[in-house]
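Trainee: Sequence plus predicted model, see below.
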Amino acid sequence: MPIVRNKKIEVLFSAEDIARRNRELAEAIALGDLSNILVLSILKGSFVFAADLIRALHAAGLAPEVEFISVSSYGTGTTAGKLRLLRDVDTDVQGRDILLIDDILESGNTLRFVRNLMLERGARRVAIAVLLDKTMKRKVDITADYVGFQCPDHFVVGYGMDVAHAFRELPFVGVVTGEA
Ligand code: IMP
Ligand code: MG
């Protein structure tokens with residue numbers, strides 16, 4: 001089991017598993033009906049997945065434009081589910097086909113917020129790609145069009161995802177299981 005920063009980390013999805021799945025996702029996206037794709041990566045958690053997926057999209061014959069957006073939930077508890085925009089896109093999305101990319105689809109609040117914002121601004125289509133889907137945690141009615149892996153109900157880190165700002169750099173997705 002890998003040990004990082006004095007923590008034992010159990011690998012759930014290896015770098016090889018993820019690379020293989022990214023190629024499959026890109027091929028599925030290339031067969032879909034999105035045209036002139038604008039990839040919209042939701043920061044920060046999805047930046048590693050987005051970086052790999054756009055190169056897999058290139059290998060699958062697509063030439064996406066890439067944009068970033070950053071949203072944050074207002075605190076926790078009673079206000080959970082309310083989101084605000086921290087960083088907006090730099091481009092006009094009117095009439096565009098958008099591929100929203102996030103690390104994890106959990107309650108669905110984040111992706112619903114961003115999808116609705118893009119549709120309100122006149123996007124033609126909004127498709128969703130996520131590396132991980134925690135379907136058991138869904139609170140709003142939203143599904144992803146492209147899912148890397150079903151994720152067990154654990155807090156995961158690595159491949160862009162953090163706990164208290166740590167572990168984004170890991171090349172795999174794992175679960176912190178304890179002190180080394
Ligand atoms: P949702 O709005 O509840 O769907 O939350 C999705 C967001 O929560 C993702 O973009 C992640 O940034 C974060 N998140 C959810 N589960 C995890 C996890 O297990 N590890 C790290 N981040 C997570
Ligand atoms: Mg996130």
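Mentor: Yes, it's here. Ligands and ions are numbered 1, 2, ... in the order given.

Trainee: Could you verify my assumption that residue 3 touches residue 9?
Mentor: Yes: using Cβ atoms under 8 Å, residue 3 is in contact with residue 9, at 7.2 Å. Any C-beta I mention is one placed from the backbone N, CA and C, and that applies to glycine too.

Trainee: out of these two, which sits in the more crowded spot?
Mentor: Comparing residue 3 with residue 9 by other Cβ atoms under 10 Å, the one with more neighbours is residue 9, at 23 against 10.

Trainee: Apart from its chain neighbours, what residue comes closest to the more buried one?
Mentor: residue 174 (4.2 Å; Cβ to Cβ, 6 or more residues apart in numbering).

Trainee: Can you pull out the residues in contact with whichever strand or helix holds that neighbour?
Mentor: If you go by DSSP states H and E, residue 174 is part of strand 173-179. Contact partners of strand 173-179, identified using Cβ atoms under 8 Å, 6 or more residues apart in numbering, comprise 1-2, 6-13, 18, 131-132, 154-159, 161, 163, 167.

Trainee: Go through those residues and flag which are in strands.
Mentor: If you go by DSSP state E, the contacts of strand 173-179 have 7, 8, 9, 10, 11, 12, 13, 131, 132 in strands.

Trainee: and those, which are buried?
Mentor: 7, 9, 11, 12, 13, 131, 132 (16 or more other Cβ atoms under 10 Å).

Trainee: What ranges does this structure have for its strands?
Mentor: 3-4, 7-13, 38-43, 65-73, 83-87, 97-105, 125-133, 146-150, 173-179.

Trainee: For the third one, what does the pLDDT average out to?
Mentor: Confidence for strand 38-43, expressed as mean pLDDT, is 98.

Trainee: Kindly report the same for the first one.
Mentor: Confidence over strand 3-4 (mean pLDDT, whole number) is 94.

Trainee: neighbouring strands for that strand, and are they parallel or not?
Mentor: strand 7-13 (antiparallel) (DSSP bridges).

Trainee: ok, the strand it pairs with near ligand 1 or not?
Mentor: No: Strand 7-13 stays clear of ligand 1 (Cβ under 6 Å from any ligand atom), getting no nearer than 10.2 Å.

Trainee: Quick check: beta-bridge partners of the residue nearest to residue 9?
Mentor: Bridge pairing for residue 174 - DSSP bridges - gives residue 11, residue 157.
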